[in-house]
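Q: A predicted structure for the sequence below; I have some questions about it.
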Amino acid sequence: MKLASLKSLHRDGVLVVVNKPLTHARVVVDIAPTLQQALDNWEQLMPRLNRVYQELNAGHGQAIAFKPEDAAAPLPRAYQWLDGSAYLSHVKRVRNARGAELPGKLLDDPLMYQGGSDGFLGAHEPIEVRDESFGIDFEAEVGVITDDVESGISDSEAATHIKLLVLINDISLRHLIPDELSKGFGFVHGKPASAFSPVAVTPDELDSAWRDNKLHFPLKVYWNQELFGQANAGDDMQFSFARLISHAAKTRNLGAGTIIGSGTVSNQDLTRGYSCIVEKRVVEIVESGKPLTDFMHFDDTIRIEMQNHQGHSIFGAIDQTVKQCL
């Protein structure tokens with residue numbers, strides 16, 4: 001099943017069910033006005049939403065044209081947004097870039113931070129930044145959305161709480177991050193609002209690519225229309241989404257609608273390219289003694305998309321342009 005939130009006067013959008021090829025949708029306010037309300041009552045409402053999905057795919061009943069540019073983030077705001085860092089090649093490269101030591105329990109204990117969740121960007125909304133000198137970078141990720149999760153849950157139990165998956169552009173302002181982290185208290189200025197794919201999908205939409213609580217498809221990243229990376233999101237993922245959920249819930253409950261990100265998708269195999277600019281810059285420093293690739297400039301574009309084995313877009317594309325915030 002595929003779900004989206006259309007922009008509206010209501011800040012949480014209007015819930016729609018979207019067909020498999022992402023061409024048509026149906027407003028389902030009679031079932032749940034918003035995705036958050038659907039997640040709050042998932043077990044009761046999911047069968048009704050799925051029936052609408054089956055009707056749409058069969059070409060039955062009323063439908064409207066689905067336009068990704070009209071979509072907000074699937075959850076335009078969330079009670080909780082937690083981003084992990086499950087790809088150790090990314091952790092090592094980025095920490096090397098800022099001269100930081102690697103965590104002592106890198107292989108066993110996931111890194112995770114809590115980001116701002118009071119407002120996310122839709123897939124086609126601009127990345128607004130005041131100054132290019134902030135070091136504008138994209139970070140292509142996969143994320144999951146949960147229902148209610150109890151504190152202290154095991155990895156196997158956590159897997160049952162994965163209800164939806166999304167793509168994420170976890171935008172970073174690289175030149176602001178080192179000073180923030182040097183204070184020992186985490187990100188604020190370096191992490192503006194993240195952007196999300198137009199559509200969230202249930203795990204069954206991913207067929208055999210969803211296994212071991214990881215998504216085994218390449219995540220394609222196009223910077224200014226040129227392929228920048230296509231790392232496989234299932235390869236080199238040290239911590240599965242089930243592990244990330246249980247880690248997040250170690251000492252507290254997670255409310256329905258909690259979003260947990262994988263962190264920047266990254267592979268050991270450099271021929272697959274990169275999902276963020278800073279990784280490429282680190283490799284350039286190692287190879288030539290200095291970074292050769294600039295961070296993003298105003299009017300640059302970024303496109304993040306994942307396709308199935310038939311070449312069809314699963315989530316729709318995140319397609320953004322960097323704009324100066326006046």
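A: That came through, no problem. In this text the structure is predicted, and so the values were computed from the model without any measurement.

Q: how about the strands of the stretch 51-200 of the chain, start to end?
A: 64-65, 81-84, 112-114, 127-129, 136-137, 140-146, 162-169, 172-173, 195-196, 200-201 (DSSP state E, counting those that start in this stretch).

Q: Compile these into JSON lines and extend it with columns for mean pLDDT and distance to residue 250.
A: C-betas here are computed from N, CA, C, even on glycine. Shown next, in JSON lines, are these (pLDDT from 0 to 100; distance: least, Cβ to Cβ, whole Å):
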{"stretch": "strand 64-65", "mean pLDDT": "98", "distance to residue 250": "43"}
{"stretch": "strand 81-84", "mean pLDDT": "97", "distance to residue 250": "12"}
{"stretch": "strand 112-114", "mean pLDDT": "94", "distance to residue 250": "10"}
{"stretch": "strand 127-129", "mean pLDDT": "98", "distance to residue 250": "33"}
{"stretch": "strand 136-137", "mean pLDDT": "98", "distance to residue 250": "29"}
{"stretch": "strand 140-146", "mean pLDDT": "98", "distance to residue 250": "15"}
{"stretch": "strand 162-169", "mean pLDDT": "98", "distance to residue 250": "17"}
{"stretch": "strand 172-173", "mean pLDDT": "97", "distance to residue 250": "26"}
{"stretch": "strand 195-196", "mean pLDDT": "98", "distance to residue 250": "26"}
{"stretch": "strand 200-201", "mean pLDDT": "98", "distance to residue 250": "25"}
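
Q: List the contacts of the spatially most central residue of the chain.
A: Central residue of the chain (Cα atoms, centre = their mean): residue 168, 2.3 Å from the mean position. By Cβ atoms under 8 Å, 6 or more residues apart in numbering, the residues touching residue 168 are 139-143, 194-197, 261, 318.

Q: ok, back up a step: can you tell me which of the strands of the stretch 51-200 of the chain is most buried?
A: strand 195-196 (a mean of 28; mean count of other Cβ atoms under 10 Å).

Q: Specify the stretch among the strands of the stretch 51-200 of the chain that is closest to residue 235.
A: strand 140-146 (12.3 Å; Cβ to Cβ).

Q: Contacts for the closest one next, please.
A: For strand 140-146, the external contacting residues (Cβ under 8 Å, 6+ apart) are 39, 74-75, 83, 161-170, 196, 200, 215, 219, 221, 229, 233, 241, 244-245, 254, 256-265, 275-276, 304, 306.

Q: Quick check on the residues you listed: which are buried?
A: 39, 74-75, 83, 161-170, 196, 200, 215, 219, 221, 229, 233, 241, 244-245, 254, 256-265, 275-276, 304, 306 (16 or more other Cβ atoms under 10 Å).

Q: Between the two ends of stretch 132-142, how far is it?
A: Distance across stretch 132-142, first residue to last, is 26 Å (Cα to Cα, to the nearest Å).

Q: residue ranges with poor pLDDT in the stretch 51-200 of the chain?
A: Within the stretch 51-200 of the chain, the ranges that satisfy pLDDT under 70 run 96-104.

Q: Check whether residue 245 really touches residue 161, as I assumed.
A: Yes - using Cβ atoms under 8 Å, residue 245 is in contact with residue 161, at 6.3 Å.
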